[in-house]
Structure formats: C-alpha cells, structure tokens
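A.B. asks: sequence plus predicted model, see below.
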Amino acid sequence: MNILGINSTYQEPSACFLKDGHIIAAVEEERFNEVKHGKDSSAFGSWLLPFNAINYCLETENITINEVEHISYSFKPRIRLKRNIPYLLNCISVGKLNNVSKEVGYYYFNTRIPRFLLQFVPKQQSIRKNFIIQGKPQWDFHFVEHHIAHAASCFFVSPFEEAAILTIDGIGESTSTFLGLGTGNRIERLREFSYPNSLGLFYEEITRFLGFERSNDEHKIMALAAYGRPKYFNNLNKLIVLKPDGKYKINIDFRKPSFLCLKELNDLLGPPRLWGAKIDERHIDIAASAQKILEETVLHILKWLHHQTKTENLCMAGGVALNCVLNERIRIESPFKNIFIQPAANDAGTSLGSALWVWHVILNHQERNILDHIYLGPEIDGNQIEEALRFRKIPYIYFYNIAQKTAEEICDGKIIGWIQGKMEWGPRALGNRSILADPRDPGIKSRLNNIKGREQFQPVAPVILEEAVADFFECNEPSPFMLFARRVRPEKKNVIPGAVHVDGTARIQTVNKTQNPLLYELIREFEKLTGICLLVNTSLNAKAKPIVCFIDQVLDCFYNTPIDCLVIGHYFIEKGLMHK
C-alpha cells in the first residue's frame, strides 16, 4: 500500500511516503529550491506544490505517481470556508472585499490541489516522467484537517498506545490549538481554540514587534528571553487572559491590519524595535515576558487536559512545540510523566500526519511504527562526492577512519562541516548535515554565529552520547531530537562553556549506536582525546538559507563561509589543502 502525504497550504511545503504504514521518505521542498521555509505563506500559493520533494519520495521506491494508491493533503478547505462564513458576511457588509478575496483564494486554490498535482509539474524531464499518467488518476485523494494531521503526526509515531495530544500553531483552517486523546488507531477531539485565539500568532506578533521576521525568527525570541527578566508579564497578561477549566482568551484581533495589532502592543509595551536597531534591555525583557506568558498559558491548558484524559503520556506537535524552553517546563512542571514531541513539529510534519491518518483511521490499520530517527531525506553517495570533487579540482584525502581524523581536527580547534548519510527531516540538523566544533572553547558560539550570519545572543547545541547525558545535565532521559533545553550541571559549565546558554541550559541531542553509528564513533574518538563525550552541533547552512542537502550546496556553503574543514563521507577537505 503506497501512501503519499503532501503539505503546501502555508509554509514548509513537504512530502512524505508510506509503504504499508512504514515511513520510507520525508523531505521539505526548501532543501531543493533553497528558499527558507519553501515559499511564502500566501492564500494563492498552494499551487506551488512540493514537486521536488514528491519526486524524491517516488524515486526512493522507484515508482511513478500512478502507482500511489492514496494521496493525502494536510488542509481541508471546506472547513475553513464553512467556519468563516459569518466573518465573510460581515466583511461584505462593511466593504472589506480584500479579506473576502483572500478567504475565497484559500478555498479555491486548495480545493484544486488534485488538479494542480498534474497541471503544474516542472518542465524538467527528470521530474515530469514520474508524473505522467494515462487516463483518469486511480488514487484516492484525501483532504485531512490541518490540526488532525498535526495530531496524527505525533501520536501515531509515539511509543504510547494511549496519550493526551496537544498541537499549537498559528492557524490551521481556523483552529490554532487542538486538545485530544489518542487511543490505539483513533484520535478523539476534546477541545480546540480557534483563530484569533492563537498562541502561535501572539508569539509571531511579538517577534515582529521586536524587529524580527515573523514566521521565521520566533526562535530568536526564545533565545533572547534567557537574557532578560519578565518585567512586562503583567502588561501582556491583559492580552492573554487565563480562564477556568484550561481556557484562555487573547484580547487582540489578528484579523485587523498589521499596524493596528502593533498599536495594541505599543500601548502596553512602548514603541516597537525597528529592524536592525540596537537591542536594549527593554526589548530583552519583553522577550522574556512573552516567553513566560506562553509557558504559563500552555501549562494552564495541560492541567485541564491531564484532568480530562487521566493519562501520564503527552504527544505534541505544531510550530509552538519547537520551543525548547517551553518543552522543558512542560517536562518538569506539567502533570504528564512521559512526553513525545514529533521532531518536524512545524507544518512540514503535517505531510506525515495526513498520510498516517489515512493509514490508521481511514484504512483502519493498527500496526504502528515508532519514530526513533529522522534520517529520511536524500543521501550523497561516494560516487557523487568523488565526481564533484574531481570536476571542481578540489584536493581531498580519503580516510578509512574518518571519525578519528575528524576528532583530531576538532580537538585542534577546527570547525568542521560534517556530511553523512541521509539528510535529516525537520528544522534541526542532527549529525548528518551539521557543523561540529569543540565545546571547551568559550568563544566557539561567537565563531559559529559569525559563520552563519546570526545574532550573537543565539546559542548553539551539544550532541552527547546517550549513556552519558546524566554526567553533564540534570536529567537522564534520552533526547534524540534536540527539543528540550536541559539544565547543565553546575560543575560542568566551565568544562563545556561553548555549549552552555546564558541561563545555564543547553538544547541537547543525545545519540546512541543505533541511531547514528558514525556520529557516535566520532564523539567516542573525541572523548579519547579530551575526556569529554559531547560536541557542539549546529546546522550546516549559510545566512538565510535552508540546511544544505546536495553536494553542490555543501561545497558552495563551505567555500563561502569560514568553516575550516569539510568531511563528506570518508572524504576530508581542508582549505589550502594541496595534495591528495
């Protein structure tokens, strides 16, 4: 049974392929077109389907789209139109026809996705050949509700047979927060909060207020918050009001023009920061206040959800679930004992969720597959590497024991671009498309931020051997997807200063022999030299670019940034290297 899942409504267009319920491939379109987040979040952009990502999924199994039995799409346009009818009638009555046009655009373009799938295939023959069909398509096409896709993406690949489910993002069709209960191959809807009661849009609005790009720079607010104090918490409490029984109300209407939303924040927080302006103490404290109010609101919601479900297990997805600081507070302070967060929690993950919904709910299959790694994207094989290096006349050395050589270079203070195996799915590099460095160097964060064109307040993350996590951090649970900001043990802060954020935490990734054998071996080799079983790990990409995927992207990034060495498979490249 071949099932293809697609997302393209908002950002992070992606594709996922299931064969008999097993995840065979998953990848974001941004890895191919090199546009961060794949495309703009436009009402009229749904026709920009992730054809490259779909093509990769098809080629992984060496099939054409005609051999796919089910195609799922993570948006249900009829629901959005139906729920917005009162709003549309009001817009018509007051003459706001642009708003009506936008909503009609969402409906029109999304309902025609099955048609677009065959009409707008790129001209490249390498892609087009896999989309040629004879006669009428034989597949069944399924529109899956956006937050149901989020919920399915985390519950059906979790280790739990029963779990509470929380998904939070900006907006789906109209839902912004979904609370449910997953049992076996079923998901029960318990409660939902609808637009404009959106915690995701609230955090986006704070991002824009502080002079950053909304729907792109929210992680910067999370990082900046660690430097400040929540002095403006009470001010923001006027915008987000907690109510009994886990309910909340956001007193800001995101349907208003952007300048009016900014004015409401301006009245409470003072003037917004202009893009590129100096970040002062007030801005830092606003970030800290926004982060705290997000955390308090989510904990308030989860208290009710736990009371309703009576389960110790929690699954999470949606863009807000990528907030590592929030996730750690949930782990420590919520009534749930076991938490699973789907690593591609943003909209990219809904392609997986919609496909899983078809497999488990529509086709009624019980068999489940736990997601224990996310190396599901394209791979650069040895022939491609050598061919590219010879064509560009790039000198290299082939090392059989590449882990030992790389560990020696890192120990000598070199920053390494590390490219191995299949590319990660989701927004974070987990050791296959990474930049690796020495955590003992207190200046390494500054060097890495300069390489990537990032602000200096942004932290970098450590990757550590799973069995040693309790030696360095105040926890002993595995964290393979870099989704929790764990507290560093006080006696270790001076041992690994390059990996510690200003608040004494680190967004850790644990790794074991099964998940990534070569990365595990590399850290072991570094431990032999230094006594430290962790490295600094950040994604390999240049400023404003997605994580690199293919050999040409890798080499361009390496030679256009001050990375010292590049390791692709067993091939070692160093700038200035003059011999093979």
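C.D. replies: Yes, it's here.

A.B. asks: quick one: secondary structure of the closest residue to Asn313 other than its chain neighbours?
C.D. replies: Leaving out its chain neighbours, the residue that sits closest to Asn313 by CB to CB, 6 or more residues apart in numbering is Ala163, at 3.7 Å. Heads up, the C-betas are built off the backbone N, CA and C, glycines and all. Taking DSSP: H, G, I helix; E, B strand; the rest coil as the rule, one finds Ala163 in the strand state.

A.B. asks: nearest spatial neighbour of Pro335, skipping sequence neighbours?
C.D. replies: Counting by CB to CB, 6+ apart, Pro335 lies nearest to His306, which is 4.2 Å off, once chain neighbours are set aside.

A.B. asks: list the buried residues for the helix or strand where the one you found lies?
C.D. replies: If you go by DSSP states H and E, His306 is part of helix 281-309. The neighbour-count check on helix 281-309 (16 or more other CB atoms under 10 Å) flags 282-302, 304-306, 308-309 as buried.

A.B. asks: give me the next element, helix or strand, following that helix.
C.D. replies: Counting by DSSP H and E, the next helix or strand C-terminal to helix 281-309 is strand 313-317.

A.B. asks: report the buried residues of the following helix or strand past that following strand.
C.D. replies: Scanning forward in sequence from strand 313-317 by DSSP H and E, the next helix or strand is helix 324-333. For helix 324-333, the neighbour count (16+ other CB under 10 Å) marks Cys324, Val325, Leu326, Asn327, Glu328, Arg329, Ile330, Arg331 as buried.

A.B. asks: what lies in contact with helix 324-333?
C.D. replies: 222, 225-226, 291, 294-295, 298-299, 302, 314, 316, 320-321, 336, 339, 341, 482-487, 505, 507 (CB atoms under 8 Å, 6 or more residues apart in numbering).

A.B. asks: just give the nearest non-adjacent residue to Ser153, would you?
C.D. replies: Closest residue in space to Ser153, ignoring its immediate chain neighbours: Gly353 at 3.1 Å, by CB to CB, 6+ apart.

A.B. asks: gap between the one you found and Glu312?
C.D. replies: For Gly353, the distance to Glu312 (CB to CB, to the nearest Å) stands at 23 Å.

A.B. asks: again with Asn7
C.D. replies: Using CB to CB, which is the criterion applied here, Asn7 is 31 Å from Glu312.

A.B. asks: so where's the stretch 151-300 of the chain uncertain?
C.D. replies: 255-260 (pLDDT under 70).

A.B. asks: and the strands in it?
C.D. replies: With DSSP state E, counting those that start in this stretch, the ranges of strands along the stretch 151-300 of the chain come out as 162-168, 175-183, 186-194, 240-243, 247-250.

A.B. asks: tabulate these (TSV), appending mean neighbour count and distance to Glu386.
C.D. replies: What follows is the strands of the stretch 151-300 of the chain, written out as TSV (neighbours: other CB atoms under 10 Å; distance: least, CB to CB, whole Å):
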stretch	mean neighbour count	distance to Glu386
strand 162-168	27	44
strand 175-183	23	47
strand 186-194	16	48
strand 240-243	14	56
strand 247-250	16	56
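
A.B. asks: dump the ones you listed into a markdown table; add distance to Cys475 as well.
C.D. replies: A markdown table is the format used below for the strands of the stretch 151-300 of the chain (distance: least, CB to CB, whole Å):
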| stretch | distance to Cys475 |
| --- | --- |
| strand 162-168 | 20 |
| strand 175-183 | 25 |
| strand 186-194 | 29 |
| strand 240-243 | 28 |
| strand 247-250 | 29 |
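
A.B. asks: among those strands, which comes closest to Lys96?
C.D. replies: Across these, Lys96 has its closest neighbour in strand 186-194 (19.5 Å, CB to CB).

A.B. asks: ok, the nearest residue to Leu58 once chain neighbours are set aside to Leu18 distance?
C.D. replies: Once flanking residues are discounted, Leu58 sits nearest to Asn130: 4.8 Å by CB to CB, 6+ apart. When distance is defined by CB to CB, Asn130 is 17 Å away from Leu18.

A.B. asks: quick one, which of the two is more surrounded?
C.D. replies: Shown here are Asn130 and Leu18; by other CB atoms under 10 Å, Leu18 has more neighbours (24 against 21).

A.B. asks: did I read that right, the more buried one in a helix?
C.D. replies: No. Leu18: not assigned to a helix; according to three-state DSSP it is strand.

A.B. asks: name all residues that make contact with it.
C.D. replies: Contact analysis of Leu18 by CB under 8 Å, 6+ apart lists Met1, Asn2, Ile3, Leu4, Gly5, Ile24, Ala355, Leu356, Trp359.

A.B. asks: what's the farthest-apart pair in those residues?
C.D. replies: Maximum distance among the contacts of Leu18 (CB to CB): 14.0 Å, for Asn2 and Leu356.

A.B. asks: which residue ranges form the helices in the stretch 401-550 of the chain?
C.D. replies: Per DSSP state H, counting those that start in this stretch, the stretch 401-550 of the chain carries helices over the ranges 402-411, 444-452, 469-472, 517-530.

A.B. asks: minimum distance to Leu118: which of these has it?
C.D. replies: With CB to CB as the measure, helix 444-452 is the member of these nearest Leu118 (39.0 Å).

A.B. asks: can you name every helix or strand that the closest one contacts?
C.D. replies: strand 433-437, strand 534-539 (3 or more CB pairs under 8 Å, 6 or more residues apart in numbering; DSSP states H and E).

A.B. asks: what's the angle from the shortest one to strand 534-539?
C.D. replies: When you say that, I think you mean strand 433-437. Following axes from the mean of the first three to the mean of the last three CA atoms, to 10 degrees, one obtains 140 degrees for the angle between strand 433-437 and strand 534-539.

A.B. asks: and strand 433-437, what's its mean pLDDT?
C.D. replies: Mean pLDDT, computed over strand 433-437, is 98.

A.B. asks: list the residues that contact Leu242.
C.D. replies: If a contact means CB under 8 Å, 6+ apart, then Leu242 has Tyr248, Glu296, Thr297, His300 as its contacts.

A.B. asks: got TSV for those, with distance to Arg454 too?
C.D. replies: Output for the contacts of Leu242, formatted as TSV (distance: CB to CB, whole Å):
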residue	distance to Arg454
Tyr248	32
Glu296	28
Thr297	28
His300	33
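
A.B. asks: and Asn2 and Leu356? Which one has more around it.
C.D. replies: Set Asn2 next to Leu356 and count neighbours by other CB under 10 Å: Leu356 wins out with 30 against 19.

A.B. asks: hmm, that one is touching Ser158, no?
C.D. replies: No. Counting by CB atoms under 8 Å, Leu356 does not reach Ser158; the two are 11.0 Å apart.

A.B. asks: roughly how far apart are the residue nearest to Pro335 and Ala152?
C.D. replies: Remark: distance between His306 and Ala152 (CB to CB) = 21 Å.

A.B. asks: same question, Asp20
C.D. replies: For Asp20, the distance to Ala152 - CB to CB - is 17 Å.

A.B. asks: between the two, which one's more packed in?
C.D. replies: Comparing Asp20 with Ala152 by other CB under 10 Å, the one with more neighbours is Ala152, at 36 against 12.

A.B. asks: got a markdown table for the contacts of Leu18, with distance to Leu522, secondary structure and pLDDT too?
C.D. replies: Shown next, in a markdown table, are these (distance: CB to CB, whole Å; DSSP: H, G, I helix; E, B strand; the rest coil; pLDDT from 0 to 100):
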| residue | distance to Leu522 | secondary structure | pLDDT |
| --- | --- | --- | --- |
| Met1 | 38 | coil | 94 |
| Asn2 | 36 | strand | 97 |
| Ile3 | 36 | strand | 98 |
| Leu4 | 35 | strand | 98 |
| Gly5 | 33 | strand | 98 |
| Ile24 | 27 | strand | 97 |
| Ala355 | 33 | helix | 98 |
| Leu356 | 33 | helix | 98 |
| Trp359 | 36 | helix | 98 |
